[in-house]
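**Student:** Could you look at this predicted model? Sequence included:
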Amino acid sequence: MLHARPYRNTSLLLEVFTRSGGRVGLVARGARGGRRPRSALLQPFVPLLVSWSGRGELRTLGRVEAAGRSHGLPPAVLASGLYLNELLVRLLHRDDPHPALFDAYAGALGRLAQGGPQEPVLRRFECALLAETGYALNLAHESDSGRPLEPDRRYCYDPQRGPLAGAGECDGVTVHGRTLLALARGELEDPEILAEAKRLMRHVIGRQLGGRPLHSRRLYRPQRV
């Protein structure tokens, strides 16, 4: 389950991500009422088996049961998990299956739950999301010449065109070839590469979002007390 919000007196409006059906909108009628409200089970990061009925943008949730052990994200990584959920809600069309992305999402949640550095997990998932939605990054060749990327060369990465040689006047993001090559391999342990990769992905995903901010990013900001 990616997101839930109250609906009428006792129901919930859900956004769920399924392996075979993609992102689906559901109404969970009576989920907040009764002696054993289903809202206890309808929580983010809990694998579920669900059924639904109806047609259109919103279907009616039928049966729901746990499908395995919850990833149980600790507070330190909760913001990262919510970030992944918001990306899926904002960038996926409903009823468009992405089984490979579903597996990448489950894998990312598992790695976040295990602890360790969060940023590499997020960058790898962002790459998978862009690739699955038809906006895969060019991480191997110069877009204008077709030449292989050089690790020590700086490129201007244009989200519409890819890496362009010559980063003097850049309307995109200036990034080293080694960062793009590391993203392609998923090898993001170097702090300098990781910092450049974060800046690049923020720019590219921001374009896909049409400049609209992500609410989950507010959770990363230090709180003033």
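**Tutor:** Arrived safely, thanks for sending. Numbering: from 1, shown residues only.
**Student:** Need the pLDDT of residue 225.
**Tutor:** On pLDDT, residue 225 comes in at 25.
**Student:** shaky segments in the protein?
**Tutor:** 34-37, 71, 167-168, 220-225 (pLDDT under 70).
**Student:** Setting aside sequence neighbours, what's the nearest residue to residue 59?
**Tutor:** Ranked by Cβ to Cβ, 6 or more residues apart in numbering and with sequence neighbours excluded, the top spatial neighbour of residue 59 is residue 52, at 4.2 Å. Just so you know, the C-beta spots here come from the backbone N, C-alpha and C atoms, and that holds for glycine as well.
**Student:** In three-state terms, how would that neighbour be classified?
**Tutor:** At residue 52 the chain is in strand, as set by DSSP: H, G, I helix; E, B strand; the rest coil.
**Student:** Is it in contact with residue 25, as I believe?
**Tutor:** No. Distance between residue 52 and residue 25: 9.5 Å, which falls outside the contact criterion (Cβ atoms under 8 Å).
**Student:** quick one, which of these two is more surrounded?
**Tutor:** Neighbour comparison, residue 52 and residue 25: the larger count goes to residue 52, with 20 against 17 (by other Cβ atoms under 10 Å).
**Student:** and the more buried one, what does it touch?
**Tutor:** Residue 52 sits next to 24, 26, 59, 60, 61, 62 when contact means Cβ atoms under 8 Å, 6 or more residues apart in numbering.
**Student:** before we move on, the earlier item: intersection of neighbour lists for residue 52 and residue 25?
**Tutor:** residue 59.
**Student:** my guess is residue 133 contacts residue 87, does it?
**Tutor:** No. Contact criterion Cβ under 8 Å: residue 133 and residue 87 do not qualify, at 10.0 Å.
**Student:** quick one: which of those two has more around it?
**Tutor:** Shown here are residue 133 and residue 87; by other Cβ under 10 Å, residue 87 has more neighbours (22 against 15).
**Student:** Please tell me how far that one sits from residue 206.
**Tutor:** Between residue 87 and residue 206 the computed distance is 12 Å (Cβ to Cβ, to the nearest Å).
**Student:** so where do the strands sit in the chain?
**Tutor:** Using DSSP state E, the strands of the chain run over 3-7, 11-18, 22-28, 48-53, 58-66, 154-158, 162-165, 173-176.
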